[in-house]
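Engineer: Would you be able to build a 3D model of this:
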Amino acid sequence: MKTTEVTVVRIYLSEKEGQLESLLRRLHDWEKVRGVTVFRGISGFGGSGEMHSARLIDLSLNLPVVVEFFDAPDKVDSIIEHIHTSIKPGHIIHWKAYVNEDDDE
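Structural biologist: Numbers count the residues shown, from 1 in each chain. Got it, this is the predicted structure:
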């Protein structure tokens, strides 16, 4: 099995911040990253300590959102350099990982 080193990035947002659409557009249309997944949390809190939860009676659109993507390390470094000013400090994490590739490539 052939593997390729990638960097995985996780970005923590909240629905209320309204950053999701522009971030996804950038990752898809401009950066053309290999893969992106968006997770919508059912509960969470951030630096304020205020708890946000999904309940049937709660129509709030302020739940936690996690955007995760991966690509080649150099490409990810460039992307992080471009987006870090628009994302709150401490809300972008990244780590090295490996993707299994087809041996015939």
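
Engineer: Helix or strand with the lowest mean pLDDT in the protein?
Structural biologist: The weakest-scoring helix or strand in the chain, judged by mean pLDDT, DSSP states H and E, is strand 52-53 (a mean of 70).

Engineer: If you count contacts, what does that one end up packed against?
Structural biologist: The elements that strand 52-53 packs onto, with contact taken as 3 or more C-beta pairs under 8 Å, 6 or more residues apart in numbering; DSSP states H and E, are strand 43-44. To be clear about C-beta, it is placed using only N, CA and C from the backbone, and glycine gets the same treatment.

Engineer: got a list of contacts for the strand it packs on?
Structural biologist: Applying C-beta atoms under 8 Å, 6 or more residues apart in numbering, the contact partners of strand 43-44 are Met51, His52, Ser53, Ala54, Leu63, Pro64.

Engineer: Listing partners with orientation, what would you give for it?
Structural biologist: Strand pairing for strand 43-44, determined by DSSP bridges: strand 52-53 (antiparallel).

Engineer: Give me the sheet partners of the lengthiest strand in the chain and which way each runs.
Structural biologist: In the chain, assigned by DSSP state E, the strand with the most residues is strand 2-14. Using DSSP bridges, strand 2-14 pairs in its sheet with strand 64-71 (antiparallel), strand 92-101 (antiparallel).

Engineer: Give me the distance between Lys75 and Val9.
Structural biologist: Distance from Lys75 to Val9, counting by C-beta to C-beta, to the nearest Å: 11 Å.

Engineer: What does the pLDDT read for the residue most central in space within the chain?
Structural biologist: Central residue of the chain (C-alpha atoms, centre = their mean): Val67, 2.4 Å from the mean position. According to the prediction, Val67 has pLDDT 97.

Engineer: contacting residues around it?
Structural biologist: Here Val67 is in contact with Arg10, Ile11, Leu13, Leu20, Leu23, Leu24, Leu27, Val36, Thr37, Val38, Phe39 (C-beta under 8 Å, 6+ apart).
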